[in-house]
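Structure for this input, please:
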Amino acid sequence: MDSVYDGVSNLEVAAEGEREALPATPDEKKRKHPGRQTLPANLPRVERVIACTAEQCVCGGCGQSTTVIGYEESEQLDVEPVKYFVPVTRREKRACKSCEERGVMAAPLPPRIIEKSLVSERVGGTKMVHAACWAHSRRRFVDATKLNQQDVASTRIVAQMAKLFAIDAQARDENMDHAARHALRLERAPLVLRELKAQIEAASRTALPSSPLGKTSAYTLRLWDKLTRFLDYPELELSNNLAENSMRPVAIGRRNWTHIGHQKAGPRVAAIAEKLNRRKGGWKRDVRFPRFAKDGSYRVDRHHP
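You can find the predicted model right below:
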């Protein structure tokens with residue numbers, strides 16, 4: 001009997017061990033574009049017709065009323081609390097029978113959260129917020145002080161960053177929710193950030209561009225807008241250390257275990273490691289894991305209520 005725990009069954013664990021490696025795709029063979037995906041035909045369709053604007057209903061050439069000659073049709077996946085459905089948007093297409101040379105006009109398409117997306121905002125339900133990690137920036141200045149213990153500028157910058165982290169530390173100690181922490185941040189962080197930016201800008205003017213301090217200052221100033229985005233979004237953390245640390249053990253272990261013992265043993269242990277991580281609570285629904293970029297910035301899916 002196949003048992004299931006946290007979405008991973010014993011059969012899945014066994015299948016992971018028996019799966020063959022995917023063949024490499026030759027670089028010279030380019031795949032043809034698969035074309036636009038279609039939504040399942042069995043889902044009910046809910047049509048809405050969007051009329052052309054008043055200006056589009058009158059021919060600009062002769063002044064006569066234009067005629068509906070068809071519709072521009074597009075689909076998106078939408079959801080209600082207990083069912084999925086597909087709203088079909090039918091936009092009027094109009095043309096003047098007396099002035100064929102003026103072509104066809106279509107009603108404007110309603111705004112979407114993502115262009116050409118197959119899902120509505122209720123299904124997607126997210127807004128991408130791009131932010132940068134203060135821990136990455138701080139680490140670079142700390143490394144600069146290790147390379148040059150006489151680097152007074154880096155030492156001062158690290159101390160100033162500590163004041164920023166102290167604000168969130170107070171919020172944690174007092175068990176503040178996001179709203180209360182946001183109010184505390186708005187009260188104390190702007191002054192800390194102004195002084196911090198002034199120190200980094202001064203360091204960038206005096207340090208050699210190729211020096212650790214020069215490179216780190218340029219890096220931080222380049223990401224300044226993303227680093228300060230936490231002032232606009234209360235749910236953002238100052239760093240992504242929590243998410244990184246929660247993912248690191250299972251990622252490292254899973255990679256290492258793929259090479260142990262029998263050729264089927266490694267993938268099986270890797271699948272079991274994934275199962276154990278779920279049991280440990282590593283993938284809780286309320287944890288928003290960021291998506292990382294090479295420059296240390298990250299993106300968080302901000303869920304709308």
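
For the stretch 51-200 of the chain, which segments are assigned as strands?
67-75, 78-80, 83-95, 105-106, 126-132 (DSSP state E, counting those that start in this stretch).

Now mean neighbour count, distance to L238 and mean pLDDT too, for those, in a markdown table please.
All C-beta spots, glycine's among them, are computed from the backbone N, C-alpha and C. Shown next, in a markdown table, are those (neighbours: other CB atoms under 10 Å; distance: least, CB to CB, whole Å; pLDDT from 0 to 100):
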| stretch | mean neighbour count | distance to L238 | mean pLDDT |
| --- | --- | --- | --- |
| strand 67-75 | 14 | 41 | 90 |
| strand 78-80 | 13 | 34 | 72 |
| strand 83-95 | 17 | 38 | 85 |
| strand 105-106 | 18 | 47 | 90 |
| strand 126-132 | 18 | 9 | 75 |
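
Please name whichever of these is nearest to T53.
Nearest to T53 among the strands of the stretch 51-200 of the chain is strand 105-106; the distance by CB to CB comes to 8.7 Å.

Tell me the strands beside the closest one, with direction?
Paired neighbours of strand 105-106 in the sheet (DSSP bridges): strand 83-95 (antiparallel).

how about the partner strand as CSV, C-alpha atoms only?
Presented in CSV, the C-alpha positions along strand 83-95 are these (Å, rounded to 0.1, in the frame of the first residue of the first chain):
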residue,chain,number,x,y,z
LYS,A,83,-14.4,26.6,-8.3
TYR,A,84,-12.3,27.6,-11.3
PHE,A,85,-13.8,29.1,-14.4
VAL,A,86,-12.5,30.8,-17.5
PRO,A,87,-13.8,34.3,-18.2
VAL,A,88,-13.8,34.9,-22.0
THR,A,89,-13.3,38.5,-22.9
ARG,A,90,-14.9,39.4,-26.2
ARG,A,91,-13.9,42.8,-27.5
GLU,A,92,-15.9,44.4,-30.2
LYS,A,93,-14.3,44.8,-33.6
ARG,A,94,-15.8,47.6,-35.7
ALA,A,95,-15.4,48.7,-39.2
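
what angle sits between that strand and strand 67-75?
If you take axes from the mean of the first three to the mean of the last three CA atoms, to 10 degrees, strand 83-95 sits at 150 degrees to strand 67-75.

From S98, how far out is the nearest residue to Q56 once chain neighbours are set aside?
In space, and not counting its chain neighbours, Q56 is closest to M105: 4.6 Å by CB to CB, 6 or more residues apart in numbering. The span separating M105 from S98 equals 15 Å under the rule CB to CB, to the nearest Å.

can you check S210 too?
As judged by CB to CB, S210 and S98 stand 71 Å apart.

Between the two, which is the more surrounded one?
S98 (13 against 7; other CB atoms under 10 Å).

what's the pLDDT at the more buried one?
pLDDT for S98: 91.

cool, I260 as well?
Listed pLDDT for I260 reads 57.

before we move on, what about the one 3 residues further on?
According to the predicted model, the pLDDT of Q263 comes to 61.

Then R285?
pLDDT, R285: 40.

Likewise for T38?
Reading off the model, T38 has pLDDT 78.

What count of nearby residues applies to it?
Applying other CB under 10 Å, we find 8 residues neighbouring T38.

Next SSE downstream of the helix or strand containing G214?
Per DSSP states H and E, G214 falls inside helix 212-222. Sequence order places helix 224-227 as the next helix or strand after helix 212-222, per DSSP H and E.

What lies in contact with that next one?
Contacting residues not belonging to helix 224-227 are listed as 130-134, 137, 197, 220, 297 [CB atoms under 8 Å, 6 or more residues apart in numbering].

From Q56, how far off is the residue nearest to T89 when sequence neighbours are not counted?
In space, and not counting its chain neighbours, T89 is closest to S74: 5.2 Å by CB to CB, 6+ apart. Shown here: S74 relative to Q56, a distance of 18 Å by CB to CB.

same thing with R194?
Distance from R194 to Q56, by CB to CB: 51 Å.
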